[in-house]
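Colleague: I'll drop the sequence and a predicted model, then ask my questions.
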Amino acid sequence: MAQGPYVVTGASKGIGRAISQKLVAEGHPVLALARASKELDEIGEELAETCSGSRAIVCDLSQPESIKNAAQLILQSAPWIAGIVHNAGTIFPIMPLAQVEIAHWSTSINANLIGVQDLTQRLLSNLGGKQQSRITTISSGAALSPVESWSAYCVAKAGLDMWARCLAAEGASSNISAISIAPGIVDTGMQSDIRSSDPELFPRHADFVSLHTEKHLTNSVDVAQQLCPLILSHTMQQSGQRFDVREL
């Protein structure tokens, strides 16, 4: 059987980095996507050393031209893609609906949702066929419950859950599956960004500071360990479902 790569977005840090490391450790090449950074260069080198065919590719999901360029590189290097892990995301802007600038709100929706559709659509020709390609979106509790001052993030994550269900329905005949998984509250850069936000603009600021100080956050490596069995092995019968890591 062909050993196609997994495309992982937001792979330079946090959950995406840990998932990428776990996948290559199990022998699966990873094409690691993220915005340009030293961290992306480092993880690209690490992945390539562990598993042949792995590499880093610069991709900013809020920028259509960056998505186009990344997709071209992926298609050139991967005649068949085993799966995509849509992990990249931004919590910004953290601001009430009445005050947020529409440009900032739109950028968030682009990065968290529209970019997912754009990248996947560009890669569809190399997905599915004789072998199942598995698409996994990283969801959030914010997809189900509104959080004040997180409107763009909540809306995008809710949309992403439905996007996965739509892809599951439309991809079934092409051997393409799609699931979403909520990873719980993980100690990542996003949590740091939340704690660094203005308490006057974010009513629940103290709650998230408390989660950190009272050590209620899980770590990325443990979460990746729980997520990877579904990323690698979820069935066509499971396609369209939403999972929560705390229930696995």
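Modeller: Looks like it came in fine.

Colleague: For the chain, which segments are assigned as helices?
Modeller: With helices called from DSSP state H, the chain shows them at 14-25, 38-50, 64-77, 102-109, 115-123, 151-171, 189-195, 205-213, 220-233.

Colleague: Below-threshold pLDDT in the protein: ranges please.
Modeller: Residue ranges of the chain with pLDDT under 70: 1-2.

Colleague: If we use 80, what do you get?
Modeller: For the chain, the stretches flagged by pLDDT under 80 are 1-2, 248.

Colleague: Spatially central, which residue of it would that be?
Modeller: Geometric centre of the chain, nearest residue: N87, 0.9 Å, by Cα atoms, centre = their mean.

Colleague: Please list all residues in contact with that residue.
Modeller: N87 sits next to 8-11, 15-16, 19, 138 when contact means Cβ atoms under 8 Å, 6 or more residues apart in numbering. Heads up, the C-betas are built off the backbone N, CA and C, glycines and all.

Colleague: Tell me which of the helices of the chain sits most buried.
Modeller: Mean neighbour counts were compared across the helices of the chain using mean count of other Cβ atoms under 10 Å; the top stretch is helix 14-25, at a mean of 25.

Colleague: Which strands and helices lie in contact with that one?
Modeller: Using 3 or more Cβ pairs under 8 Å, 6 or more residues apart in numbering; DSSP states H and E as the contact test, the elements touching helix 14-25 are strand 6-9, strand 30-34, helix 38-50, helix 220-233.

Colleague: re the thing from before, report the two of the contacts of N87 separated the most.
Modeller: Using Cβ to Cβ, the contacts of N87 reach their maximum pairwise distance at A11 and I138, which is 11.8 Å.

Colleague: of these two, who's got more company?
Modeller: Shown here are A11 and I138; by other Cβ atoms under 10 Å, A11 has more neighbours (32 against 25).

Colleague: Show me what the nearest residue to that one once chain neighbours are set aside is bridged to.
Modeller: Spatial nearest neighbour of A11, excluding adjacent residues (Cβ to Cβ, 6 or more residues apart in numbering): A32 at 3.5 Å. For A32, the beta-bridge partners are V8, A56 (DSSP bridges).

Colleague: i'd like the first residue to be 528 from this point on
Modeller: With the count now opening at 528, the last piece we talked about shows up as A559.

Colleague: What distance do you get for A559 to V612?
Modeller: As judged by Cβ to Cβ, to the nearest Å, A559 and V612 stand 10 Å apart.

Colleague: could you dump the helices of the chain to TSV with distance to R769?
Modeller: Shown next, in TSV, are those (distance: least, Cβ to Cβ, whole Å):
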stretch	distance to R769
helix 541-552	17
helix 565-577	28
helix 591-604	25
helix 629-636	20
helix 642-650	15
helix 678-698	6
helix 716-722	20
helix 732-740	23
helix 747-760	11
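
Colleague: Quick one: closest of these to P623.
Modeller: Distance to P623, taken as Cβ to Cβ, is lowest for helix 678-698 among the helices of the chain, at 8.0 Å.

Colleague: Just list what the closest one packs against, helices and strands only.
Modeller: With contacts defined as 3+ Cβ pairs under 8 Å, 6+ apart, helix 678-698 has these neighbours: helix 629-636, helix 642-650, strand 660-665, strand 703-709.

Colleague: Dump those to a markdown table, plus distance to R731.
Modeller: What follows is the helices and strands packed on helix 678-698, written out as a markdown table (distance: least, Cβ to Cβ, whole Å):
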| stretch | distance to R731 |
| --- | --- |
| helix 629-636 | 18 |
| helix 642-650 | 26 |
| strand 660-665 | 21 |
| strand 703-709 | 18 |
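
Colleague: Looking at the ones you listed, which is nearest to W607?
Modeller: W607 lies closest, by Cβ to Cβ, to one member of the helices and strands packed on helix 678-698: strand 660-665, at 7.7 Å.
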